[in-house]
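Participant: Dropping the sequence and predicted coords here.
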Amino acid sequence: MANRMPTSIHSYPMIGGDGPHSYIRNSSYQKAAIESVRTKTREAILAKTPNFDLNIYKIADFGCSVGSNTLDVVQNIIETLKLKRQQEENKGDNNEHPEFHVFFNDKPDNDFNTLFKTLPQYYLDREVFACGVPGSFYHQLFSRNSLHIGHTSNTLHWLSTTPEDVCNQNSQAWNKNSIHCTNLVNEVTQAYKKLFEKEIGAFIEARTQELVSGGLMIILGWCLPDGVKMIRTWKGVVFDMIEDCLIHMAKSGITSVEKVESFNLPIYFPQFNELKEVMEKNGCFTIEIMEEVKHPMEDMPLSNDFIASIFRTTMHGVIEEHFGDGVVDELLDRFAKELTKHPIDFKDCQKDMQYFIFLKRKTD
Ligand code: SAH
(Lines give C-alpha, C1' and ligand atoms only; values in the text may rest on other atoms or scores of the structure.)
Protein backbone atom coordinates (compact mmCIF):
# COMPACT_ATOMS: atom_id res chain seq x y z
CA MET A 1 0.00 0.00 0.00
CA ALA A 2 1.30 3.45 -0.85
CA ASN A 3 1.70 6.38 1.54
CA ARG A 4 1.57 4.37 4.77
CA MET A 5 1.92 6.32 7.96
CA PRO A 6 4.92 5.42 10.09
CA THR A 7 3.82 3.39 13.11
CA SER A 8 5.87 5.52 15.46
CA ILE A 9 5.02 9.20 15.21
CA HIS A 10 5.91 11.93 17.66
CA SER A 11 3.01 12.59 19.91
CA TYR A 12 2.55 15.31 22.44
CA PRO A 13 -1.09 15.21 23.41
CA MET A 14 -2.89 17.84 25.39
CA ILE A 15 -3.48 16.72 29.00
CA GLY A 16 -6.41 14.30 28.93
CA GLY A 17 -9.04 13.39 31.53
CA ASP A 18 -10.98 16.05 33.39
CA GLY A 19 -8.51 16.87 36.18
CA PRO A 20 -7.39 20.39 37.16
CA HIS A 21 -4.73 20.57 34.42
CA SER A 22 -6.76 18.85 31.67
CA TYR A 23 -7.44 20.37 28.25
CA ILE A 24 -11.15 20.16 29.03
CA ARG A 25 -10.71 22.57 31.91
CA ASN A 26 -7.96 24.72 30.43
CA SER A 27 -8.90 25.51 26.87
CA SER A 28 -11.04 28.61 27.20
CA TYR A 29 -8.46 30.57 25.18
CA GLN A 30 -8.94 28.17 22.26
CA LYS A 31 -12.70 28.13 22.85
CA ALA A 32 -12.81 31.92 22.59
CA ALA A 33 -11.03 31.65 19.23
CA ILE A 34 -13.64 29.19 17.98
CA GLU A 35 -16.48 31.33 19.31
CA SER A 36 -15.09 34.37 17.49
CA VAL A 37 -15.67 32.74 14.09
CA ARG A 38 -18.92 30.93 14.86
CA THR A 39 -21.15 33.29 12.88
CA LYS A 40 -18.62 33.68 10.09
CA THR A 41 -18.42 29.88 9.78
CA ARG A 42 -22.21 29.59 9.67
CA GLU A 43 -22.57 32.28 7.03
CA ALA A 44 -19.81 30.80 4.90
CA ILE A 45 -21.26 27.27 5.05
CA LEU A 46 -24.71 28.60 4.13
CA ALA A 47 -23.34 30.59 1.24
CA LYS A 48 -20.76 28.16 -0.10
CA THR A 49 -21.96 24.58 0.46
CA PRO A 50 -23.22 23.16 -2.79
CA ASN A 51 -26.48 21.26 -2.82
CA PHE A 52 -24.79 17.89 -2.43
CA ASP A 53 -28.11 16.13 -2.97
CA LEU A 54 -27.39 13.38 -0.48
CA ASN A 55 -28.65 12.08 2.81
CA ILE A 56 -25.41 11.40 4.62
CA TYR A 57 -23.03 14.22 5.42
CA LYS A 58 -19.51 13.28 6.44
CA ILE A 59 -17.71 15.78 8.63
CA ALA A 60 -14.21 15.56 10.11
CA ASP A 61 -12.53 17.62 12.80
CA PHE A 62 -8.76 17.32 12.46
CA GLY A 63 -6.80 17.62 15.75
CA CYS A 64 -9.93 17.46 17.90
CA SER A 65 -8.28 16.91 21.31
CA VAL A 66 -10.76 16.41 24.16
CA GLY A 67 -13.67 18.39 25.43
CA SER A 68 -16.34 20.73 24.37
CA ASN A 69 -14.38 22.74 21.77
CA THR A 70 -14.55 20.07 19.09
CA LEU A 71 -18.14 19.24 20.03
CA ASP A 72 -19.15 22.91 19.69
CA VAL A 73 -17.47 23.14 16.31
CA VAL A 74 -19.23 20.06 15.01
CA GLN A 75 -22.59 21.14 16.42
CA ASN A 76 -22.31 24.48 14.65
CA ILE A 77 -21.54 22.75 11.35
CA ILE A 78 -24.41 20.26 11.74
CA GLU A 79 -26.94 22.93 12.72
CA THR A 80 -25.90 25.01 9.74
CA LEU A 81 -26.20 22.08 7.34
CA LYS A 82 -29.67 21.34 8.74
CA LEU A 83 -30.66 24.95 8.20
CA LYS A 84 -29.32 24.88 4.68
CA ARG A 85 -31.30 21.69 4.11
CA GLN A 86 -34.50 23.30 5.37
CA GLN A 87 -33.97 26.18 2.99
CA GLU A 88 -33.58 23.68 0.14
CA GLU A 89 -36.65 21.69 1.26
CA ASN A 90 -38.69 24.86 1.13
CA LYS A 91 -37.65 25.06 -2.48
CA GLY A 92 -38.82 21.47 -2.85
CA ASP A 93 -35.33 20.09 -3.49
CA ASN A 94 -35.07 17.45 -0.79
CA ASN A 95 -37.26 16.28 2.03
CA GLU A 96 -35.55 13.34 3.68
CA HIS A 97 -33.92 13.66 7.10
CA PRO A 98 -30.17 13.65 6.60
CA GLU A 99 -27.73 11.63 8.69
CA PHE A 100 -24.44 12.98 9.96
CA HIS A 101 -21.26 10.97 10.31
CA VAL A 102 -18.66 12.76 12.38
CA PHE A 103 -15.02 11.74 12.46
CA PHE A 104 -12.91 13.00 15.36
CA ASN A 105 -9.24 12.89 14.37
CA ASP A 106 -6.19 13.31 16.54
CA LYS A 107 -2.94 11.50 17.16
CA PRO A 108 -3.25 8.05 18.72
CA ASP A 109 -2.20 9.28 22.19
CA ASN A 110 -5.12 11.69 22.38
CA ASP A 111 -7.57 10.88 25.15
CA PHE A 112 -10.36 9.68 22.86
CA ASN A 113 -11.97 7.83 25.80
CA THR A 114 -12.74 11.04 27.63
CA LEU A 115 -13.97 12.62 24.42
CA PHE A 116 -16.40 9.79 23.80
CA LYS A 117 -17.59 9.79 27.41
CA THR A 118 -18.62 13.41 27.02
CA LEU A 119 -20.55 13.11 23.76
CA PRO A 120 -23.90 14.91 24.03
CA GLN A 121 -27.12 12.90 24.17
CA TYR A 122 -28.00 13.39 20.51
CA TYR A 123 -25.01 11.27 19.53
CA LEU A 124 -26.30 8.51 21.79
CA ASP A 125 -29.77 8.90 20.28
CA ARG A 126 -28.15 8.08 16.93
CA GLU A 127 -28.96 11.39 15.35
CA VAL A 128 -25.27 11.83 14.75
CA PHE A 129 -22.81 8.96 14.32
CA ALA A 130 -19.35 9.47 15.80
CA CYS A 131 -16.06 7.71 15.43
CA GLY A 132 -12.44 8.38 16.26
CA VAL A 133 -9.75 8.45 13.61
CA PRO A 134 -6.25 8.14 15.07
CA GLY A 135 -3.33 9.37 12.99
CA SER A 136 -1.44 12.39 11.82
CA PHE A 137 -3.40 14.84 9.74
CA TYR A 138 -0.27 15.41 7.70
CA HIS A 139 -1.20 12.13 6.00
CA GLN A 140 -4.28 10.99 4.17
CA LEU A 141 -6.69 9.60 6.78
CA PHE A 142 -9.84 8.97 4.73
CA SER A 143 -10.59 7.32 1.44
CA ARG A 144 -10.75 9.44 -1.69
CA ASN A 145 -13.78 11.68 -2.22
CA SER A 146 -15.38 10.71 1.06
CA LEU A 147 -15.67 13.89 3.16
CA HIS A 148 -18.01 16.84 2.72
CA ILE A 149 -16.69 19.21 5.36
CA GLY A 150 -13.32 19.25 7.11
CA HIS A 151 -12.46 21.51 10.01
CA THR A 152 -9.39 22.21 12.08
CA SER A 153 -8.73 24.77 14.79
CA ASN A 154 -5.74 25.70 16.92
CA THR A 155 -3.66 22.92 15.40
CA LEU A 156 -1.54 23.82 12.40
CA HIS A 157 1.22 25.56 14.36
CA TRP A 158 2.12 22.05 15.62
CA LEU A 159 4.73 20.53 13.33
CA SER A 160 4.98 16.75 13.33
CA THR A 161 8.60 17.01 14.48
CA THR A 162 11.40 19.51 14.98
CA PRO A 163 13.40 20.52 11.88
CA GLU A 164 16.51 18.31 11.86
CA ASP A 165 19.03 21.11 11.30
CA VAL A 166 18.03 23.12 14.36
CA CYS A 167 19.18 20.20 16.54
CA ASN A 168 22.35 19.54 14.56
CA GLN A 169 25.51 21.03 16.13
CA ASN A 170 27.23 21.06 12.75
CA SER A 171 24.52 23.01 11.02
CA GLN A 172 24.34 26.77 10.67
CA ALA A 173 20.74 26.42 11.76
CA TRP A 174 21.69 24.90 15.13
CA ASN A 175 19.36 26.62 17.57
CA LYS A 176 21.63 26.30 20.57
CA ASN A 177 20.46 29.38 22.38
CA SER A 178 16.74 29.03 22.11
CA ILE A 179 13.99 26.44 22.35
CA HIS A 180 11.81 27.92 19.60
CA CYS A 181 11.85 29.82 16.35
CA THR A 182 12.42 33.35 17.64
CA ASN A 183 12.91 34.68 14.08
CA LEU A 184 16.18 36.25 15.21
CA VAL A 185 18.45 33.82 13.33
CA ASN A 186 17.71 33.57 9.64
CA GLU A 187 19.02 29.99 9.24
CA VAL A 188 16.78 28.79 12.07
CA THR A 189 13.75 30.56 10.64
CA GLN A 190 14.45 29.05 7.22
CA ALA A 191 14.72 25.53 8.68
CA TYR A 192 11.38 25.90 10.46
CA LYS A 193 9.78 27.55 7.46
CA LYS A 194 10.90 24.75 5.13
CA LEU A 195 9.38 22.06 7.32
CA PHE A 196 6.21 24.09 7.85
CA GLU A 197 5.73 24.55 4.10
CA LYS A 198 6.27 20.85 3.49
CA GLU A 199 3.81 19.85 6.20
CA ILE A 200 1.06 22.33 5.38
CA GLY A 201 1.49 21.30 1.76
CA ALA A 202 0.98 17.68 2.85
CA PHE A 203 -2.06 18.64 4.94
CA ILE A 204 -3.72 20.36 2.01
CA GLU A 205 -2.77 17.57 -0.39
CA ALA A 206 -4.31 14.96 1.94
CA ARG A 207 -7.53 16.97 2.19
CA THR A 208 -7.52 17.34 -1.60
CA GLN A 209 -7.74 13.56 -1.82
CA GLU A 210 -10.39 13.17 0.88
CA LEU A 211 -12.85 15.96 0.11
CA VAL A 212 -15.51 15.59 -2.56
CA SER A 213 -15.84 18.21 -5.30
CA GLY A 214 -17.39 21.27 -3.70
CA GLY A 215 -16.32 20.02 -0.26
CA LEU A 216 -15.25 22.61 2.29
CA MET A 217 -12.20 22.91 4.50
CA ILE A 218 -12.37 25.36 7.39
CA ILE A 219 -9.14 26.34 9.12
CA LEU A 220 -8.71 28.51 12.19
CA GLY A 221 -5.20 29.06 13.42
CA TRP A 222 -2.34 31.26 14.49
CA CYS A 223 0.32 33.13 12.58
CA LEU A 224 2.30 36.36 12.78
CA PRO A 225 1.50 39.62 11.03
CA ASP A 226 4.03 40.22 8.24
CA GLY A 227 7.27 41.61 9.65
CA VAL A 228 6.60 40.63 13.28
CA LYS A 229 9.13 38.35 14.96
CA MET A 230 7.93 35.57 17.26
CA ILE A 231 10.23 36.75 20.03
CA ARG A 232 8.33 40.05 20.22
CA THR A 233 4.96 38.40 20.89
CA TRP A 234 3.78 37.37 24.34
CA LYS A 235 3.86 33.71 23.32
CA GLY A 236 7.50 34.12 22.24
CA VAL A 237 8.28 35.77 25.57
CA VAL A 238 6.70 32.81 27.35
CA PHE A 239 8.84 30.33 25.38
CA ASP A 240 11.94 32.30 26.37
CA MET A 241 10.89 32.18 30.02
CA ILE A 242 10.49 28.41 29.79
CA GLU A 243 13.97 28.24 28.34
CA ASP A 244 15.40 30.30 31.23
CA CYS A 245 13.78 27.92 33.69
CA LEU A 246 15.32 24.95 31.84
CA ILE A 247 18.77 26.54 31.96
CA HIS A 248 18.43 27.02 35.73
CA MET A 249 17.31 23.44 36.09
CA ALA A 250 20.35 22.25 34.13
CA LYS A 251 22.57 24.30 36.45
CA SER A 252 20.99 22.58 39.44
CA GLY A 253 21.55 19.17 37.85
CA ILE A 254 17.84 18.37 37.40
CA THR A 255 18.45 18.03 33.69
CA SER A 256 21.54 18.38 31.51
CA VAL A 257 22.79 21.27 29.40
CA GLU A 258 22.90 18.92 26.39
CA LYS A 259 19.23 18.09 26.84
CA VAL A 260 18.32 21.77 26.99
CA GLU A 261 20.47 22.66 23.98
CA SER A 262 18.90 19.90 21.91
CA PHE A 263 15.35 20.85 22.81
CA ASN A 264 13.38 22.75 20.19
CA LEU A 265 9.64 23.14 20.14
CA PRO A 266 7.93 21.61 17.10
CA ILE A 267 5.92 24.79 16.81
CA TYR A 268 6.01 27.39 14.06
CA PHE A 269 3.95 30.50 13.55
CA PRO A 270 4.33 31.51 9.88
CA GLN A 271 3.92 35.07 8.75
CA PHE A 272 0.55 35.71 7.13
CA ASN A 273 2.06 36.04 3.64
CA GLU A 274 3.95 32.76 3.95
CA LEU A 275 0.73 31.03 4.83
CA LYS A 276 -1.07 32.64 1.93
CA GLU A 277 1.62 31.47 -0.50
CA VAL A 278 1.29 27.85 0.67
CA MET A 279 -2.48 27.97 0.42
CA GLU A 280 -2.33 29.38 -3.10
CA LYS A 281 0.25 26.82 -4.23
CA ASN A 282 -2.21 23.94 -4.14
CA GLY A 283 -4.41 24.52 -7.13
CA CYS A 284 -7.19 22.14 -6.07
CA PHE A 285 -9.04 24.53 -3.75
CA THR A 286 -10.41 27.99 -4.21
CA ILE A 287 -9.64 30.26 -1.28
CA GLU A 288 -13.09 31.60 -0.49
CA ILE A 289 -11.99 33.45 2.65
CA MET A 290 -8.56 34.08 4.12
CA GLU A 291 -8.46 36.82 6.69
CA GLU A 292 -7.40 37.96 10.11
CA VAL A 293 -9.93 37.61 12.90
CA LYS A 294 -9.63 39.33 16.20
CA HIS A 295 -9.26 37.03 19.18
CA PRO A 296 -11.71 38.10 21.92
CA MET A 297 -8.91 38.17 24.51
CA GLU A 298 -6.50 40.05 22.25
CA ASP A 299 -6.73 43.36 24.05
CA MET A 300 -6.82 42.15 27.63
CA PRO A 301 -3.68 41.33 29.56
CA LEU A 302 -4.00 37.66 30.47
CA SER A 303 -3.44 36.75 34.10
CA ASN A 304 -0.35 34.80 35.15
CA ASP A 305 -2.46 31.86 36.30
CA PHE A 306 -4.26 31.78 32.98
CA ILE A 307 -1.02 31.79 30.98
CA ALA A 308 0.51 29.13 33.22
CA SER A 309 -2.54 26.93 32.84
CA ILE A 310 -2.62 27.22 29.02
CA PHE A 311 1.03 26.30 28.79
CA ARG A 312 0.81 23.46 31.27
CA THR A 313 -2.00 21.73 29.44
CA THR A 314 -0.61 22.26 25.94
CA MET A 315 3.16 21.89 26.55
CA HIS A 316 3.19 19.06 29.08
CA GLY A 317 3.34 16.35 26.42
CA VAL A 318 6.10 17.86 24.31
CA ILE A 319 8.32 18.60 27.30
CA GLU A 320 7.77 15.17 28.78
CA GLU A 321 8.63 13.50 25.48
CA HIS A 322 12.07 15.16 25.48
CA PHE A 323 12.99 15.45 29.16
CA GLY A 324 11.08 12.58 30.76
CA ASP A 325 8.46 12.86 33.45
CA GLY A 326 10.85 13.82 36.27
CA VAL A 327 11.35 17.25 34.74
CA VAL A 328 8.04 18.39 33.36
CA ASP A 329 6.12 19.18 36.55
CA GLU A 330 9.12 20.84 38.16
CA LEU A 331 9.62 22.96 35.04
CA LEU A 332 6.00 24.03 34.81
CA ASP A 333 5.91 24.86 38.54
CA ARG A 334 9.05 26.96 38.17
CA PHE A 335 7.60 28.67 35.12
CA ALA A 336 4.40 29.55 37.03
CA LYS A 337 6.51 31.06 39.85
CA GLU A 338 8.67 32.95 37.37
CA LEU A 339 5.58 34.48 35.82
CA THR A 340 4.48 35.72 39.23
CA LYS A 341 7.87 37.30 39.80
CA HIS A 342 8.16 38.74 36.29
CA PRO A 343 4.69 39.15 34.77
CA ILE A 344 4.56 39.63 31.02
CA ASP A 345 4.44 43.25 30.00
CA PHE A 346 1.74 43.05 27.33
CA LYS A 347 2.22 46.72 26.39
CA ASP A 348 5.73 45.84 25.36
CA CYS A 349 4.70 42.92 23.14
CA GLN A 350 3.59 42.89 19.53
CA LYS A 351 0.45 41.02 18.58
CA ASP A 352 0.38 37.66 16.94
CA MET A 353 -2.53 36.99 14.59
CA GLN A 354 -5.48 34.65 14.43
CA TYR A 355 -6.48 33.65 10.90
CA PHE A 356 -9.59 32.14 9.37
CA ILE A 357 -9.43 30.26 6.09
CA PHE A 358 -12.33 28.81 4.14
CA LEU A 359 -11.41 26.59 1.20
CA LYS A 360 -13.63 24.94 -1.37
CA ARG A 361 -12.53 21.83 -3.27
CA LYS A 362 -12.57 22.45 -7.02
CA THR A 363 -14.08 19.91 -9.36
CA ASP A 364 -11.36 17.65 -10.85
N1 SAH B 1 -9.14 21.59 17.88
C2 SAH B 1 -9.18 21.68 19.31
C3 SAH B 1 -7.89 21.20 19.95
C4 SAH B 1 -6.66 22.02 19.63
S5 SAH B 1 -5.25 21.46 20.56
C6 SAH B 1 -9.50 23.10 19.72
O7 SAH B 1 -9.55 24.00 18.87
O8 SAH B 1 -9.68 23.33 20.92
C9 SAH B 1 -4.25 20.85 19.25
C10 SAH B 1 -4.58 19.40 18.92
O11 SAH B 1 -3.98 19.08 17.67
C12 SAH B 1 -4.00 18.41 19.93
O13 SAH B 1 -4.98 17.56 20.41
C14 SAH B 1 -2.93 17.68 19.15
O15 SAH B 1 -2.75 16.32 19.55
C16 SAH B 1 -3.49 17.77 17.75
N17 SAH B 1 -2.48 17.57 16.72
C18 SAH B 1 -1.29 18.19 16.59
N19 SAH B 1 -0.62 17.71 15.53
C20 SAH B 1 -1.43 16.77 14.97
C21 SAH B 1 -1.30 15.91 13.84
N22 SAH B 1 -0.21 15.94 13.07
N23 SAH B 1 -2.31 15.08 13.54
C24 SAH B 1 -3.44 15.04 14.30
N25 SAH B 1 -3.61 15.83 15.41
C26 SAH B 1 -2.61 16.68 15.73
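Facilitator: Structure received.

Participant: Strands of the stretch 101-250 of the chain, residue ranges please.
Facilitator: Along the stretch 101-250 of the chain, the segments classed as strands by DSSP state E, counting those that start in this stretch run 128-134, 147-153, 211-223.

Participant: Give me the distance from the last one to the chain's centre.
Facilitator: Between the centre of strand 211-223 and the centre of its host chain there is 13 Å, according to CA atoms, centre = their mean, to the nearest Å.

Participant: Tell me the helices and strands packed up against it.
Facilitator: Here strand 211-223 touches helix 38-48, strand 147-153, helix 272-281, strand 353-361, going by 3 or more CB pairs under 8 Å, 6 or more residues apart in numbering; DSSP states H and E. C-betas here are computed from N, CA, C, even on glycine.

Participant: who in this structure is up against the ligand?
Facilitator: If contact is defined as CB under 6 Å from any ligand atom, the residues of the chain in contact with the ligand are 13-14, 27, 30, 34, 63-65, 69-70, 105-107, 110, 136-138, 153-155, 158, 160.

Participant: deepest of the strands of the stretch 101-250 of the chain, which one?
Facilitator: Neighbour counts (mean count of other CB atoms under 10 Å) averaged over each of the strands of the stretch 101-250 of the chain peak at strand 147-153, with a mean of 25.

Participant: And Ser11, its phi and psi?
Facilitator: Dihedral angles phi and psi of Ser11 (degrees, to the nearest 10) take the values phi -140, psi 130.

Participant: now do the one 5 residues further on
Facilitator: Dihedral angles phi and psi of Gly16 (degrees, to the nearest 10) take the values phi -90, psi -160.

Participant: Next: Asp125.
Facilitator: On the backbone of Asp125 - angles per degrees, to the nearest 10 - the values are phi -80, psi 10.

Participant: Relative to Phe62, how far out is it?
Facilitator: 26 Å (CB to CB, to the nearest Å).

Participant: More neighbours: which of those two?
Facilitator: Under the neighbour definition other CB atoms under 10 Å, Asp125 and Phe62 were set side by side, and Phe62 has more, 26 against 8.

Participant: what residues are up against that one?
Facilitator: When the contact criterion is CB atoms under 8 Å, 6 or more residues apart in numbering, the partners of Phe62 are Asn105, Phe137, Leu141, Gly150, His151, Thr152, Thr155.

Participant: same question, Leu184
Facilitator: With contacts taken as CB under 8 Å, 6+ apart, Leu184 has the following neighbours: Ser178, Lys229, Ile231.

Participant: what pLDDT does the nearest residue to the first one once chain neighbours are set aside get?
Facilitator: Ranked by CB to CB, 6 or more residues apart in numbering and with sequence neighbours excluded, the top spatial neighbour of Ser178 is Glu243, at 6.3 Å. Model confidence at Glu243, expressed as pLDDT, equals 95.

Participant: Backbone dihedrals for the closest residue to Ile56 other than its chain neighbours, both of them.
Facilitator: If the residues on either side of it in the chain are set aside, Ile56 comes closest to Glu99, at 4.9 Å by CB to CB, 6+ apart. In this entry, Glu99 is assigned phi and psi values of phi -110, psi 150 (degrees, to the nearest 10).

Participant: how about Glu99, what does it touch?
Facilitator: The neighbours of Glu99, taking CB under 8 Å, 6+ apart as the test, are Asn55, Ile56, Tyr57, Val128, Phe129.

Participant: Pull the contacting residues for the spatially most central residue of the chain.
Facilitator: By CA atoms, centre = their mean, the chain has its centre lying nearest to Thr155, at 0.7 Å. Taking CB under 8 Å, 6+ apart as the criterion, Thr155 is in contact with Phe62, Gly63, Phe137, Gly221.

Participant: Same check on Met290?
Facilitator: Met290 makes contacts with Lys276, Met279, Tyr355, Phe356, Ile357, Phe358, as judged by CB under 8 Å, 6+ apart.

Participant: Same question for Glu292.
Facilitator: Residues in contact with Glu292, defined by CB under 8 Å, 6+ apart, are Pro225, Phe272, Met353, Gln354, Tyr355, Phe356.

Participant: what's the answer for Lys360, then?
Facilitator: Neighbour list for Lys360: Lys48, Gly214, Gly215, Leu216, Met217, Phe285, Thr286, Glu288 [criterion: CB under 8 Å, 6+ apart].

Participant: Who's the closest spatial neighbour of Ser160, skipping the chain neighbours?
Facilitator: The shortest distance from Ser160 to any residue that is not its chain neighbour, by CB to CB, 6+ apart, is 5.3 Å, and that residue is Tyr138.
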